[in-house]
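following is a predicted model, sequence given first.
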Amino acid sequence: QVQLVESGGGLAQPGESLRLSCVASGFAFKDYYLGWTRQAPGEGLEWVSGISGDGRNVWYADSVKGRFTVSRDNAQNMVYLQMNSLELADAALYHCAKGNRYTYREVDSWGPGTQVRVSS
């Protein structure tokens, strides 16, 4: 079955960096779009980033553009989210999400999430 497991969350100060990782199994990884979402306490789900199966097409929310970079390693079934210049507003539970062959937004599987805390 499809499994997604995130790691790399933790506590950072504003301006610092964190790198989130997501390892996937149970599907033809290179053929599928993947995405990252986040949800802060009391807030709705926010799409952060998406990446195509071959990694050539990427998308970012305006709130993270220029600070976050999404990438993937299809040989290792891994997707990454490099988060630089972290802000207090970036604190949230981050999830890796499996899309379909055409978009990251049609999600059929989620990972359990990794917590990112940003505090001075």
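Perfect, thanks for sending it. Not measured: the values here are computed from a predicted model.

and the strands in the chain?
Per DSSP state E, the chain carries strands over the ranges 3-7, 10-12, 18-25, 34-39, 46-51, 58-60, 68-73, 78-83, 92-98, 109-110, 114-118.

show me how far the shortest one is from its chain's centre.
It stands for strand 109-110. 12 Å (C-alpha atoms, centre = their mean, to the nearest Å).

in its sheet, what does that strand sit against?
Here strand 109-110 is paired, per DSSP bridges, with strand 92-98 (antiparallel).

what residues does the strand it pairs with touch?
2, 4-6, 9, 20, 22, 24, 27, 32, 34-40, 43, 46, 48, 79, 81, 104, 107-116 (C-beta atoms under 8 Å, 6 or more residues apart in numbering). C-beta: built from backbone N, CA, C; applies to glycine.

which residue lies nearest the spatial centre of this protein?
In the chain, the centroid-proximal residue (C-alpha atoms, centre = their mean) is Trp36; its distance is 2.8 Å.

what's the spacing between Tyr80 and Pro41?
Going from Tyr80 to Pro41 by C-beta to C-beta, to the nearest Å gives 25 Å.

neighbour count for these two, which is higher?
The neighbour count for Tyr80 versus Pro41, taken as other C-beta atoms under 10 Å, is higher for Tyr80 (18 against 7).

tell me how many other residues crowd the residue lying closest to the more buried one once chain neighbours are set aside.
Of all residues not flanking Tyr80 in the chain, Ser71 sits nearest, at 5.0 Å (C-beta to C-beta, 6 or more residues apart in numbering). For Ser71, the count of nearby residues is 14 (other C-beta under 10 Å).

which residue sits closest to Gly15, ignoring its sequence neighbours?
If the residues on either side of it in the chain are set aside, Gly15 comes closest to Ser85, at 5.9 Å by C-beta to C-beta, 6+ apart.
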